[in-house]
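Undergrad: model the following, please.
(2 chains)
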Amino acid sequence: DTEVTQTPKHLVMGMTNKKSLKCEQHMGHRAMYWYKQKAKKPPELMFVYSYEKLSINESVPSRFSPECPNSSLLNLHLHALQPEDSALYLCASSLRIDRTNTEAFFGQGTRLTVV
Amino acid sequence: GNSVTQMEGPVTLSEEAFLTINCTYTATGYPSLFWYVQYPGEGLQLLLKATKADDKGSNKGFEATYRKETTSFHLEKGSVQVSDSAVYFCALSGDRGSTLGRLYFGRGTQLTVWP
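TA: As a prediction, this is how the structure comes out:
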């Protein structure tokens, strides 16, 4: 199994809503990532978890709240988002972050629209 | 610091044409290098990788060689197909300190292949 599964695939939410994005992998990877991708741009790193602990937060606004309940799951909780937060949100995983020769596997993404 | 410079697109080719997408990098130490592909509406898929100088990554007819002397990792394919139409991202993974756990992406190159 070399898949990273993200749900939902599409999400439309109002600016006062609370929603969550989910990500799951069963490859035994101990590093998991959230990226944000705007149209025609490369992915931008948001958060990195290593061994279920937050390792990197790229100064992301607090309306985005990550959570790693266990080594297979990664959530991104959303609250009071702005229209400019509309984007493709990508989850990725890799074996570890203390080795450089391990590639990241990406999910299909959640297309988020904030109205 | 670490960075990736990718040739500007879009690139438009006829089927069976030769493809080159240029990628150069700046990095400290000995990074790993990757090419990712993103088909419309999907997440990123790893296309190929190289982890040390002079390594050649290859997959699905695509090739790229890690050239430390020219700090380059150009993507090539001898005969493109319509199904290769996608956005291609060059990326590097740092090898030390605060760069661990991060992928540094180029801007992406849109490839369109016409029948």
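Undergrad: from now on I want contacts and neighbour counts done on CA atoms only, so please keep to that.
TA: Will do.
Undergrad: for the most centrally placed residue in chain A, name its beta-bridge partners.
TA: The residue lying closest to the centre of chain A (C-alpha atoms, centre = their mean) is A:W34, at 2.8 Å. Beta-bridge partners of A:W34, counted by DSSP bridges, are A:F47, A:C91.
Undergrad: and for residue 83, the neighbour number?
TA: Using chain A. A:P83 has 14 neighbours, counted by other C-alpha atoms under 10 Å in any protein chain shown.
Undergrad: you looked at the wrong chain, it should be chain B
TA: B:S83 - counted by other C-alpha under 10 Å - has 12 other residues nearby.
Undergrad: just for the chain, where's the confidence low?
TA: Went with chain A since none was named. Applying pLDDT under 70 to chain A picks out residues A:1-2, A:98-101.
Undergrad: please go with chain B instead
TA: Using pLDDT under 70, the flagged stretches of chain B are B:95-100.
Undergrad: just the strands from it, written as ranges.
TA: Under the criterion DSSP state E, strands of chain B are mapped to B:3-6, B:11-14, B:19-21, B:23-26, B:32-38, B:44-50, B:56-59, B:62-65, B:75-77, B:86-93, B:103-105, B:109-114.
Undergrad: could you do chain A as well?
TA: Using DSSP E, strands in chain A cover A:4-7, A:10-13, A:18-25, A:31-37, A:44-50, A:53-57, A:64-70, A:73-79, A:87-94, A:105-106, A:110-114.
Undergrad: burial measure for residue 61, as a count.
TA: Picked chain A for this. A:P61 - counted by other C-alpha under 10 Å - has 10 other residues nearby.
Undergrad: that's the wrong chain, I wanted chain B
TA: Residues lying near B:G61 (other C-alpha under 10 Å) number 10.
Undergrad: and for A:S59?
TA: For A:S59, using other C-alpha under 10 Å, the count is 8.
Undergrad: ditto for B:K60
TA: For B:K60, the neighbour count with other C-alpha under 10 Å is 9.
Undergrad: that's all I had, so thanks and see you.
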